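K.L.:
Got a predicted model here, sequence first, then my questions.
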Amino acid sequence: GRGTYAGVSGSSSCIRCAAGSIINTNGASACIQCTAGQYATGTGNTVCNSCIAGYYSAKAGSNICSPCVAGTYSVSMGTSTCTACKSGFYATLGSTACAPCRPGTYSKSQAAACTPCSPGTFNVNMTASSCQNCPEGSYSPLGSTACSNCQPGRYALQGSTNCAPCVAGTMSSGGSFNCT
């Protein structure tokens with residue numbers, strides 16, 4: 001029957017094809033491996049199945065498909081490799097697409113998640129690959145989309161996480177990088 005083969009010519013007993021291989025014709029003498037991007041579970045298979053989107057099989061003769069690792073994706077069925085996400089995007093395990101990083105976050109290529117901008121930095125754009133330092137006279141907390149100006153009587157250098165008070169006998173206007 002299908003899914004089996006005769007190991008020796010003229011044999012009356014048939015052998016079931018191993019997982020990852022098929023026979024789809026009667027009287028065959030050997031099994032055929034499923035191609036990369038396909039799989040066949042169990043034994044005695046007559047058809048190879050394509051890996052679904054978000055999954056892949058890298059080599060011929062696979063009995064399962066593996067999910068694309070975090071930071072990669074596959075869009076179509078029957079994939080033998082997954083594609084890395086570009087900077088500014090991320091993907092979780094088994095993804096069919098990369099998602100954009102939101103403002104206040106960024107990512108390098110093949111990221112499993114977006115990273116919040118560090119204190120003292122910010123980012124206003126979607127799909128950013130880095131964050132910018134806050135300008136002099138301003139500061140920001142973790143994951144910021146903008147920097148806040150220092151209040152009068154306080155100052156901050158570029159990339160500051162907070163504003164420092166002016167020392168006694170000096171003063172500053174709002175948004176200053178020094179006290180005079």
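P.N.:
That came through fine. Numbers count the residues shown, from 1 in each chain.

K.L.:
Every contact and neighbour count from this point should use C-alpha atoms.
P.N.:
Will do.

K.L.:
Residue 50 contacts residue 77, doesn't it?
P.N.:
Yes. Residue 50 sits in contact with residue 77 when judged by Cα atoms under 8 Å, with a separation of 6.0 Å.

K.L.:
List the contacts of stretch 18-26.
P.N.:
1-5, 17, 30-34, 39-48, 60-64 (Cα atoms under 8 Å, 6 or more residues apart in numbering).

K.L.:
Just the buried ones from those residues?
P.N.:
Buried members of the contacts of stretch 18-26, scored by 16 or more other Cα atoms under 10 Å, are 1-5, 17, 30-34, 39-41, 43-48, 60-64.

K.L.:
Show me where this structure dips below the pLDDT cut-off.
P.N.:
1-12, 27-28 (pLDDT under 70).

K.L.:
one step back: have a look at residue 50 and residue 77 and say which one is more surrounded.
P.N.:
Ranked by neighbour count (other Cα atoms under 10 Å), residue 50 and residue 77 place residue 50 first, with 22 against 17.

K.L.:
give me the beta-bridge partners of that one?
P.N.:
Counting by DSSP bridges, residue 50 forms beta bridges with residue 38.

K.L.:
rewinding a little: joint contacts of residue 50 and residue 77?
P.N.:
With Cα under 8 Å, 6+ apart as the test, residue 50 and residue 77 both reach residue 37.

K.L.:
In contact with the most centrally placed residue in the chain, which residues are there?
P.N.:
Centroid-nearest residue in the chain, with Cα atoms, centre = their mean: residue 71, separated by 1.6 Å. Neighbouring residues of residue 71 by Cα under 8 Å, 6+ apart: 84-85, 90-93, 98, 109-113.

K.L.:
Just the buried ones out of the residues you listed, please.
P.N.:
Members of the contacts of residue 71 classed as buried by 16+ other Cα under 10 Å are 84-85, 90-93, 98, 110-113.

K.L.:
Name the nearest of these relative to residue 54.
P.N.:
residue 93 (8.1 Å; Cα to Cα).

K.L.:
element containing the closest one?
P.N.:
Following DSSP states H and E, there is no helix or strand that holds residue 93.

K.L.:
which residue sits closest to it, ignoring its sequence neighbours?
P.N.:
What sits nearest to residue 93 in space, not counting adjacent residues and going by Cα to Cα, 6 or more residues apart in numbering, is residue 70, at 4.3 Å.

K.L.:
any idea how far that neighbour is from residue 104?
P.N.:
21 Å (Cα to Cα, to the nearest Å).

K.L.:
Comparing these two, which residue is more hemmed in?
P.N.:
residue 104 (24 against 19).

K.L.:
Now do the contacts for the nearest residue to residue 105 once chain neighbours are set aside.
P.N.:
Sequence neighbours aside, residue 116 is the residue nearest to residue 105 in space, at 4.2 Å (criterion: Cα to Cα, 6+ apart). Residue 116 makes contacts with 104-106, 142-144, as judged by Cα under 8 Å, 6+ apart.
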